[in-house]
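Trainee: Kindly return the folded structure for what I paste below:
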Amino acid sequence: VSAKLKIGDKKYKVKIRYRGDLATHWRYEKKSIGIEFVDDSPFSFDEFALIIPEDRNYYAELFSMKTAAQFSLKTPKNALIPLIVNGEAPKLYFMTETYKEPFFIKNKIAYPTDVYDGDVNLYKRTKEHEGKELELYDLFMELFISPAYFTKKADDPVLPEDDYSRIYNFWKVMNASVPGAEEIFAIFDRENLLKINAFNALQFSTHLDRFHNWKFYFDKQKDRFVFLPWDTTDDIKKDIKTYSDFHYDINLWNKLFYILNQDEQYNRDMRNLLNNYLDKYYKNDLNYLEKLTQDFKEQYKLEVDKGTAFALSSHFEAMNIAYRKAYDLNRDYSLDRSFPGSQISLEEFQEKYSQLTHEDGNNFEISGSKTFEEDLIIPENIQVNVLPGSTLYLGEEVSIISHGKLDFLGGANIKPAKAATPWGVILYVGE
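Mentor: I've put the predicted structure just below:
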């Protein structure tokens with residue numbers, strides 16, 4: 001549909017459309033929009049998407065795209081912006097540049113070239129699906145079931161327009177009886193794989209999974225495919241315990257990275273890359289995340305109801321935990337290593353942690369408000385239940401590490417013992 005878009009004091013001719021594969025983008029009154037400039041553009045790109053911000057977890061995508069850029073991944077321009085449509089009240093959108101020609105030229109990537117999306121489309125059937133009922137995220141709907149799930153968005157003029165030989169070679173490797181890392185490195189750039197893998201591990205994100213959110217292009221200089229980050233964040237409504245209990249091996253969500261991380265050298269290189277990143281950016285990133293949280297609360301109040309505000313607050317705490325857990329898993333703690341204090345007796349445990357109430361046998365409870373100025377380390381034979389309504393105040397860099405059983409029974413809070421002093425992690429070992 002033709003329209004005019006006013007930016008500052010100038011109006012631009014544009015074409016607009018609804019966008020998004022899933023109904024959450026266009027089913028309700030506020031819809032995600034694709035915009036393309038007809039003539040001139042005030043930006044370094046001529047096409048962009050305005051996405052309902054809840055689909056990008058509000059400011060979380062801004063945070064993750066900044067970290068992606070710090071991994072030297074190529075990222076699109078993005079921002080949170082207010083949009084007024086036909087004189088209505090302003091609505092908040094997540095704006096992102098699309099991966100079109102200006103993006104590649106600006107990033108000095110040889111273009112045109114093959115550009116692909118990998119996405120299990122609910123409306124797309126292949127021969128493998130004949131006679132089957134389609135359900136979202138069914139196992140048989142994995143991307144690697146058919147090369148038809150990889151859609152070409154741009155073509156390398158060196159090859160015929162309908163040439164899918166490069167993606168077919170990748171599909172064959174992924175469906176080999178024993179696919180290996182070296183075969184994948186002949187198709188995808190190894191350095192880029194390490195970066196996108198470490199980036200997703202850091203975000204504790206499974207969004208680049210076996211179903212969707214694959215965006216990649218063929219790099220003519222490297223003669224290999226290269227991933228581009230897109231829709232990188234996970235659900236902000238996960239509670240703190242969910243993040244804390246999140247298994248580090250997120251590669252299980254993506255067959256490609258599962259195969260790669262079976263290669264000892266690749267896995268070592270990926271973890272070293274993540275360690276080096278954390279050494280350089282860890283504290284600055286947490287400060288930036290906190291600033292984004294405060295800026296969001298202060299600047300965008302129109303659409304933030306109580307439930308959303310709670311989700312945003314929880315998301316900040318959860319991302320802190322995820323970041324620190326990633327840091328500690330790579331730095332100080334190995335899942336098969338014994339922590340000091342993990343082998344103490346029941347009597348020693350009871351004497352050391354007077355904040356806990358001994359119920360019976362090996363069972364303890366935490367209720368009310370309790371402060372911990374040193375790590376709470378739960379041995380293998382101990383069960384600790386945190387009762388509803390409890391508040392745990394943790395000192396600076398103080399963690400809760402469970403070799404035994406630790407259950408949050410609902411409605412518990414975890415807060416820093418002193419304002420602006422970060423606590424450590426909640427780590428479940430061996431679960």
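Trainee: Tell me the spacing between the residue nearest to Phe188 when sequence neighbours are not counted and His212.
Mentor: Distances taken as Cβ to Cβ, 6 or more residues apart in numbering place Phe225 nearest to Phe188, at 4.7 Å, with adjacent residues excluded. Every residue, glycine included, has its C-beta placed from N, CA and C. Between Phe225 and His212 the distance, using Cβ to Cβ, to the nearest Å, works out to 17 Å.
Trainee: Repeat that for Glu373.
Mentor: From Glu373 over to His212 the distance is 45 Å, taken as Cβ to Cβ.
Trainee: higher neighbour count, these two?
Mentor: Under the criterion of other Cβ atoms under 10 Å, the comparison of Glu373 against His212 puts His212 first, with 20 against 10.
Trainee: what's the single longest helix in the chain?
Mentor: Ranked by number of residues, the top helix in the chain under DSSP state H is helix 264-299.
Trainee: Tell me if I'm right that Phe188 and Asp223 touch.
Mentor: No: contact status for Phe188 versus Asp223: not in contact, 11.0 Å apart, counting by Cβ atoms under 8 Å.
Trainee: who has more neighbours, the two?
Mentor: Set Phe188 next to Asp223 and count neighbours by other Cβ under 10 Å: Phe188 wins out with 21 against 10.
Trainee: Local confidence estimate at that one?
Mentor: In the predicted model, Phe188 carries a pLDDT score of 96.
Trainee: quick one: contacts for it?
Mentor: Taking Cβ atoms under 8 Å, 6 or more residues apart in numbering as the definition of contact, the neighbours of Phe188 are 170, 216, 224-227, 256.
Trainee: now the helices for this protein?
Mentor: Per DSSP H, the chain carries helices over the ranges 60-70, 101-106, 165-174, 181-185, 190-203, 240-244, 255-260, 264-299, 306-331, 346-352.
Trainee: what comes up buried for the fifth one?
Mentor: Looking back up the chat, that one is helix 190-203. 190, 192-203 (16 or more other Cβ atoms under 10 Å).
Trainee: Please tell me how far it is from the chain's geometric centre.
Mentor: Mean C-alpha position of helix 190-203 versus that of the full chain (Cα atoms, centre = their mean, to the nearest Å) differs by 11 Å.
Trainee: same deal with the third one?
Mentor: A distance of 26 Å separates the C-alpha centroid of helix 165-174 from that of its chain, computed with Cα atoms, centre = their mean.
Trainee: contacting residues around that helix?
Mentor: With Cβ under 8 Å, 6+ apart as the test, helix 165-174 has contacts from 114, 116, 144, 146-147, 150, 152, 159, 179, 183-184, 187-188, 218, 225, 255-256, 259.
Trainee: Buried members of the residues you listed into ChimeraX, please.
Mentor: Remark: buried members of these, expressed as a ChimeraX selection using 16+ other Cβ under 10 Å:
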select :114,116,144,146,147,150,152,179,183,184,187,188,218,225,255,256,259
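Trainee: The contacts of helix 165-174 in strands, which ones?
Mentor: Among those, the subset assigned to strands under DSSP state E consists of 116, 150, 152, 218, 225.
Trainee: among the helices and strands of the chain, which has the poorest mean pLDDT?
Mentor: Using mean pLDDT, DSSP states H and E, helix 240-244 stands out as the lowest-scoring helix or strand of the chain, at a mean of 41.
Trainee: Check the gap between the residue of the chain most remote from its centre and Tyr266 for me.
Mentor: Note on the chain: the largest C-alpha distance from the chain mean falls to Glu347, namely 42.3 Å (Cα atoms, centre = their mean). Here Glu347 is placed at a distance of 46 Å from Tyr266 (Cβ to Cβ).
Trainee: And Leu274, by the same measure?
Mentor: Taking Cβ to Cβ as the criterion, Leu274 is separated from Tyr266 by 13 Å.
Trainee: Tell me the one of the buried residues of helix 190-203 nearest Lys283?
Mentor: Within the buried residues of helix 190-203, proximity to Lys283 (Cβ to Cβ) peaks at Leu202, which comes in at 14.1 Å.
Trainee: Verify the stated contact: the closest one with Asn276.
Mentor: No: Leu202 lies out of contact with Asn276 (Cβ under 8 Å); the separation is 11.7 Å.
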